[in-house]
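Undergrad: next come a sequence and a model predicted from it.
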Amino acid sequence: MQKIKTTSLRIQGLSKEKMSSRTLSKSIFLGIALTFLSYNETKAQLTATGQVRERTELRAGQGALQKEDDKAGLFTSQRARLNIGYTGYRFKVFMALQDVRVWGQDASTINRTTTEANNGILLHEAWGEIMLNDTISKIQNLSVKFGRQEISYDDQKVLGGLDWLQQGRRHDAVVFKFANKGWIADVGAAFNQNKELNTSTIYNGTNPAYGAGTNGIGTMYKSFQYAYLGRKFFFGDLSFLFFKDDFNKYTTVTSGAPAVTTKVYGEGVWSRNTTGFYFNSAITRKLNLTGSLYHQGGKDKDGRSISANLASITSTLQVGRKLFVGPGIDYLSGDDGTKTVTATSDNNRFDPLYGTPHKFWGSMDYFYAANGFGKQGLLNYFFKVKYNVKDNLSLFLDVHGFQAADKLSNGAGGELSSYLGTEVDLLVKYNLTKMINIEAGYSIMKATNSMASAAVKNVTTPDLSPQFAYVMVNVKPNFLAKK
């Protein structure tokens, strides 16, 4: 406020004869700008942050096994975000403009067609939140949040922002939010359309600006509704989730020579229901347990009945001051690969919805990462180690043993070994400053022939020792922070 008063006195002290109209306008504008910045600095209403994240990756079988004679892929991708938020009386607004692209993907000069085809620029988030309780209410929070937003809960196993993916994940939705005395209760819904329509609500499940679906299901939901209830207890956190996502019904039509089968979308939806619990508990001062249990029912995107389950438990034990270790296991049910799948067959494959698979099922992203793996489910036995070298430097080691949760067919009436491979992930994280982070990782997998079989993902003459390495630099400035 002292700067504003000083500026005001200087303006008043200037002689009217010597001050031109242009000078006066500039002075008034400067005074208004200083007033605005000072007010927002005091009230902390305006936030302006950003992110530039560049990641160079070397892929030699990452995401899917490759042939022995295939060369490794090398590229650099970049995410740039500008985040603007504002808090006023009983409301908040937030927008995150995002650009994602691979270096060299676009021409070095203006090329409108290429830029549009790459779909690099979009609004990652754009939401408003209205507080339904006033400032004298005893309720901590009662609000409605609407617009494009990330939806993330608990450990992000089934609902998460998927931050590893440069594009991230967001939803166009409305969420009613309640929080008070350790309780959290959210109720949300979404309803998708391809465009403005005067009649019909048919949705073909694609979104060219963002990509269709998750976990290899190949389609977007038509709508969803969910309820989340969480509570902080003396022993830790406990939460309940009910999530229903709906997929537009369709029929298949075959025509032409050679025959081509296409989907014809109609009215109505098939609904999938996911219900379960999550807990995070400190058993002792140095031992922590995290676990979840979910069941899926209803109909899948193709109208098949679903009966699928997920169960997970992770332990973390602190050994000394800097070392953390812990085993764990994930179980996701799948289909029996020795049985023929028909339109009336039950679907026993658990789909971890819109979560963050990279966080749980290996850095090489073989499972539940939009690549079609996991049809026979997954048993993931793992052991994790974290060592804090110092406050800004941490080392990580994860060892995974992957196994199909159900039978794998050899294509000749018999079964294959259900063991798929062992993956080792090494990671280094270094915080140069509070706003600059450097991360490097290396992964290698010893895959089995079952992993390369037609029952999982058919690869002829496969390289059974795939590797993956990356270096990532992440800069997240706060444009309004004091120096």
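TA: Right, received. Where do you want to start?
Undergrad: which stretches of the stretch 1-150 of the chain have low pLDDT?
TA: Low-confidence segments of the stretch 1-150 of the chain, defined by pLDDT under 70: 1-44, 107-119.
Undergrad: the residue nearest to Gly276 when sequence neighbours are not counted pairs with what?
TA: Setting aside the residues directly before and after it, Gly276 is nearest to Tyr294 in space (CB to CB, 6 or more residues apart in numbering), at 3.1 Å. To be clear about C-beta, it is placed using only N, CA and C from the backbone, and glycine gets the same treatment. Taking DSSP bridges as the rule, Tyr294 bridges to Gly276, Leu310.
Undergrad: what number of residues lie near Tyr294?
TA: Counted with other CB atoms under 10 Å, the burial measure for Tyr294 works out to 22 neighbours.
Undergrad: touching, it and Thr274? I think so.
TA: Yes - if you go by CB atoms under 8 Å, Tyr294 and Thr274 touch, sitting 5.8 Å apart.
Undergrad: and for those two, which residues touch both?
TA: 158, 241 (CB atoms under 8 Å, 6 or more residues apart in numbering).
Undergrad: so what are the domain limits for the chain?
TA: Following automatic domain parsing, one finds the domains of the chain at 1-43, 45-475.
Undergrad: quick one: which of the ones you listed is nearest Ala481?
TA: domain 45-475 (8.7 Å; CB to CB).
Undergrad: for the closest one, how far is the first residue from the last?
TA: Taking CA to CA, to the nearest Å, the first and last residues of domain 45-475 lie 23 Å apart.
Undergrad: likewise for stretch 389-396?
TA: Between the opening and closing residues of stretch 389-396 there is a gap of 11 Å (CA to CA).
Undergrad: pull the residues that contact it.
TA: Counting contacts by CB under 8 Å, 6+ apart, the residues outside stretch 389-396 that touch it are 322, 384-388, 425-432.
Undergrad: export these to TSV and append columns for distance to Leu82.
TA: Compiled in TSV, the contacts of stretch 389-396 are given as follows (distance: CB to CB, whole Å):
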residue	distance to Leu82
Lys322	37
Lys384	35
Val385	37
Lys386	32
Tyr387	35
Asn388	32
Asp425	32
Leu426	33
Leu427	28
Val428	29
Lys429	25
Tyr430	25
Asn431	22
Leu432	22
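Undergrad: which two among those residues are spaced furthest apart?
TA: Largest pairwise distance in the contacts of stretch 389-396, by CB to CB, is 24.9 Å, between Lys384 and Leu432.
Undergrad: ok, those two, which is more surrounded?
TA: For Lys384 versus Leu432, neighbours defined as other CB under 10 Å are more numerous around Lys384 (18 against 11).
Undergrad: now do the same contact list for that one.
TA: Contact analysis of Lys384 by CB under 8 Å, 6+ apart lists 314, 316, 324-328, 396-399.
Undergrad: among those, name the buried ones.
TA: Neighbour counting with 16 or more other CB atoms under 10 Å marks 314, 316, 324, 326, 328, 396, 398 as buried within the contacts of Lys384.
Undergrad: among those, which one lies nearest to Gln98?
TA: Of all the buried ones among the contacts of Lys384, the one sitting nearest Gln98 is Phe396; the distance, using CB to CB, is 27.1 Å.
Undergrad: doesn't the closest one lie inside a strand?
TA: Yes - the assignment for Phe396 is a strand, going by DSSP: H, G, I helix; E, B strand; the rest coil.
Undergrad: bridged to it, which residues?
TA: As for beta bridges, Phe396 partners with Lys386, Leu427 under DSSP bridges.
Undergrad: next, work out how far apart it and Leu378 are.
TA: With the distance defined as CB to CB, to the nearest Å, Phe396 ends up 21 Å from Leu378.
Undergrad: just Leu420 next, same as before
TA: Remark: distance between Leu420 and Leu378 (CB to CB) = 8 Å.
Undergrad: ok, and the most crowded of the contacts of stretch 389-396?
TA: Neighbour counts for the contacts of stretch 389-396 (other CB under 10 Å) peak at Asp425, which has 20 neighbours.
Undergrad: that residue contacts Ser363, correct?
TA: Yes - with the criterion set as CB under 8 Å, Asp425 and Ser363 qualify as a contacting pair; they are 4.4 Å apart.
Undergrad: show me what contacts the most centrally placed residue in the chain?
TA: If you average the C-alpha coordinates of the chain and look for the closest C-alpha using CA atoms, centre = their mean, you land on Leu162, 1.7 Å from that point. For Leu162, the set of contacting residues under the criterion of CB under 8 Å, 6+ apart consists of 156, 168-169, 354-356, 358.
Undergrad: just the ones of the residues you listed in helices?
TA: Secondary structure assignment (DSSP state H) places none of the contacts of Leu162 within helices.
Undergrad: nearest to Gly303 among those?
TA: Tyr354 (20.7 Å).
Undergrad: circling back to that earlier point, which one of the contacts of Leu162 is nearest Phe279?
TA: Relative to Phe279, and with distances defined as CB to CB, the nearest of those is Gln156, at 15.0 Å.
Undergrad: that closest one touches Pro357, doesn't it?
TA: No - counting by CB under 8 Å, Gln156 stays clear of Pro357, with 9.6 Å between them.
Undergrad: the two: who's more crowded?
TA: Pro357 (24 against 20).
Undergrad: residues touching the nearest residue to Ile121 once chain neighbours are set aside, list them.
TA: Nearest residue to Ile121 in three dimensions, chain neighbours excluded: Asp99, at 4.8 Å (CB to CB, 6+ apart). Contacts for Asp99 (CB under 8 Å, 6+ apart) come out as 78-81, 120-121.
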